[in-house]
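K.L.:
Could you look at this predicted model? Sequence included:
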Amino acid sequence: MKDSVNADYLKKTTKALPVVVAKGDGIGPEIMDATLKILEAANVSLDADHIEIGEQAYLSGNTSGIPESAWEAIHKKKVILKAPITTPQGSGYKSLNVTIRKSLGLFSNVRPAVSYHPIVESKHPIMDLVVVRENEEDLYAGIEHQQTDEVVQCLKLISRPGSEKIVRYAFEYAKKYNRKKVTCLVKDNIMKISDGLFHSVFKEVAKEYPDIQAESQIIDIATARIANRPEEYDVIVTLNLYGDIVSDVTAEISGSVGLAGSSNIGKDYAMFEAIHGSAPDIAGKKIANPSGLLHGAIQMLQYFGEVEKAALIHNAWLTTMEDGIHTGEIYKEGHSKQKVGTMEFADAVIARLGQVPSHFKKIEVKEGEDFRINIQEKSHAPKEKKLVGVDVFIDHRDRDANKFGDALTDSSKDFLKLKMITNRGVKVYPGGMESTFCTDHWRCRFISKNAEVIEGKPDYKAIDYKEVLELMMALNKAGFDIIKTENLYTFDGKLGFSLGQGE
Ligand code: NAD
């Protein structure tokens with residue numbers, strides 16, 4: 001006989017929760033109907049608008065997959081419960097998820113990864129971690145260019161306010177959910193300025209949370225460790241791309257990709273969903289597992305402050321799972337008792353509303369508990385910015401670095417001093433190595449004519465932007481093919497640019 005919770009939990013939510021519901025594509029409508037049925041049975045009242053986004057919108061010519069009417073509803077309600085959508089094959093379709101996240105400022109992607117062993121097989125029976133992924137910046141800014149015949153670039157943009165928001169969110173999350181540790185994952189041994197900024201913000205913000213352990217790890221070895229010993233991790237905070245990869249690793253090794261939900265949270269808007277896709281292979285068969293979307297909906301209830309409803313549904317779900325009532329993809333002889341379809345699973349959860357699990361840890365609600373997280377942006381005094389040089393990127397086909405460097409020195413000597421040339425980041429002039437392979441993409445660093453090198457370190461002098469323009473004119477006149485320039489600044493005297501390898 002299972003324990004049951006206070007029947008008061010079944011009473012109606014005090015106010016209807018404003019939400020936009022997107023049933024999505026593939027299995028989307030089936031799992032959304034099942035999820036909504038459970039919410040209704042739990043007496044969660046929704047003030048819902050339904051929107052059509054995804055495949056149909058894409059195919060009718062809307063490249064973002066979101067028609068104007070859907071945006072209107074989203075701006076009105078501000079919270080989206082979204083089933084997975086299908087992105088049509090072929091170029092020209094923009095990722096709907098990325099568009100929503102960026103347009104609505106959903107800076108935080110929260111993906112819990114929990115092991116439900118032995119009900120759902122996992123090599124990591126005690127895994128219970130959360131990945132908090134930065135959602136707006138990094139290489140996902142989508143700023144890419146082909147610069148030469150041989151070289152393309154993708155800009156990695158990391159901002160201080162963006163880093164601060166997500167790091168603070170991770171610590172606040174840890175505090176609210178009684179988690180003990182936040183681990184920051186970066187690659188600042190290589191990307192000292194961009195990942196370095198994220199890391200230094202992490203160390204700064206961590207000081208405000210002395211009760212939570214803060215640690216930092218390099219992303220590559222950390223990912224290997226997570227895959228091997230996920231039980232050592234609690235809350236993970238990281239940049240967009242690393243978070244994308246690490247959260248897929250954690251979902252996969254938990255054994256529960258099909259069971260996990262995720263939330264995308266911003267200052268004014270939020271979106272809740274399952275982490276899996278639209279599973280076109282089983283669409284319409286009524287066998288899909290609605291658990292991932294249900295977990296998204298549980299996170300949505302917490303976001304609205306409806307913690308008791310969230311716990312009520314979560315406990316009923318855990319009870320259903322441990323009672324062995326499973327959809328086909330997790331059904332296993334020995335562990336499972338009954339194989340059910342999407343709606344039967346939902347009905348089994350509904351039948352257990354009010355019960356709490358005995359094998360899994362039950363979800364308890366403490367008096368006054370509130371999981372809502374409100375991040376305040378902090379202001380910082382601006383630093384003193386000084387222009388000290390310029391990197392000029394040049395398209396040059398001849399791979400001979402010395403010949404190129406000498407010609408460039410000759411054409412620039414009356415304007416700025418050519419300090420070095422790198423090719424894909426490695427110094428090739430002056431004094432490069434024969435063995436370094438050079439492409440047609442050269443980064444040529446110019447500093448003040450008056451800068452002196454003291455003990456191997458240049459004493460950067462301020463330059464005027466006019467000197468850069470004069471240099472550009474001279475290089476253009478001499479026939480060099482300039483791709484772009486990047487100004488070199490110091491901020492409060494600290495270099496705002498990296499040195500070339502070997503510089
Ligand atoms: P998928 O997650 O849809 O499916 C992978 C496998 O898992 C399939 O075998 C599928 O049957 C199974 N599966 C997924 N969800 C399940 C569920 N709830 N119950 C039972 N089995 C389930 O991944 P995919 O096949 O690579 O992608 C299909 C489509 O989904 C693509 O168009 C992709 O772009 C899209 N997608 C959308 C989202 C989103 O909207 N957030 C996320 C990922 C993929």
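P.N.:
Cool, the structure landed. Residues are numbered from 1 along each chain as shown.
K.L.:
What residues does the stretch 151-300 of the chain have near the ligand?
P.N.:
Gly258, Glu273, His276, Gly277, Ser278, Ala279, Pro280, Asp281, Ile282, Ala288, Asn289, Gly292 (CB under 6 Å from any ligand atom). The way it works is simple: take the backbone N, C-alpha and C, and place the C-beta from them, glycine included.
K.L.:
how about the nearest residue to whatever residue of the chain ends up closest to the ligand, chain neighbours excluded?
P.N.:
For the chain, the residue closest to the ligand is Gly277, as judged by CB to the nearest ligand atom, at 2.5 Å. The spatially closest residue to Gly277, leaving aside those adjacent along the chain, is Pro84, at 4.9 Å (CB to CB, 6 or more residues apart in numbering).
K.L.:
The one you found and Gly26 touch, don't they?
P.N.:
Yes - under the criterion of CB atoms under 8 Å, Pro84 lies in contact with Gly26, with a separation of 6.5 Å.
K.L.:
Look at those two and report which has more neighbours.
P.N.:
Taking neighbours as other CB atoms under 10 Å, Pro84 and Gly26 compare with Pro84 leading, 27 against 23.
K.L.:
Helix, strand, or coil at the more buried one?
P.N.:
Of the three states, Pro84 takes coil according to DSSP: H, G, I helix; E, B strand; the rest coil.
K.L.:
Can you tell me the strand partners of the helix or strand containing Thr422 and which way each runs?
P.N.:
For Thr422, the enclosing helix or strand under DSSP states H and E is strand 417-423. Sheet pairing of strand 417-423 (DSSP bridges) gives strand 426-429 (antiparallel), strand 441-447 (antiparallel).
K.L.:
and Glu306, which of the ones you listed is closest to it?
P.N.:
strand 441-447 (54.0 Å; CB to CB).
K.L.:
could you say what helices and strands the very next helix or strand once past that closest one packs with?
P.N.:
Later in the chain than strand 441-447, the nearest helix or strand by DSSP H and E is strand 452-454. Strand 452-454 is packed against strand 457-459, with contacts defined by 3 or more CB pairs under 8 Å, 6 or more residues apart in numbering; DSSP states H and E.
K.L.:
Can you tell me, leaving aside adjacent residues, what's nearest to Pro125?
P.N.:
His117 (3.8 Å).
K.L.:
Tally up the residues packed near that neighbour, please.
P.N.:
17.
K.L.:
Phi first, then psi, for it.
P.N.:
phi -60, psi 140 (degrees, to the nearest 10).
K.L.:
got the contact list for it?
P.N.:
Residues in contact with His117 (CB atoms under 8 Å, 6 or more residues apart in numbering) are His124, Pro125, Gly255.
K.L.:
Same question for Gly142.
P.N.:
Applying CB under 8 Å, 6+ apart, the residues near Gly142 are Val98.
K.L.:
Ramachandran angles for it?
P.N.:
According to degrees, to the nearest 10, Gly142 has phi 70, psi 30.
K.L.:
could you give the mean pLDDT of the strand holding Thr422?
P.N.:
Taken as a whole, strand 417-423 has a mean pLDDT of 95.
K.L.:
which residue packs closest to Ile313, ignoring adjacent ones?
P.N.:
Going by CB to CB, 6+ apart, Ile313 has Ala42 as its nearest residue, at 5.3 Å.
K.L.:
Pretty sure His314 is one of the things the one you found touches, is it not?
P.N.:
No - contact between Ala42 and His314 fails when scored by CB under 8 Å: they sit 10.4 Å apart.
K.L.:
Pipe the strands paired with strand 417-423 into a markdown table and attach mean neighbour count per row.
P.N.:
Shown next, in a markdown table, are the strands paired with strand 417-423 (neighbours: other CB atoms under 10 Å):
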| stretch | mean neighbour count |
| --- | --- |
| strand 426-429 | 22 |
| strand 441-447 | 23 |
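K.L.:
Brilliant, that's me finished.
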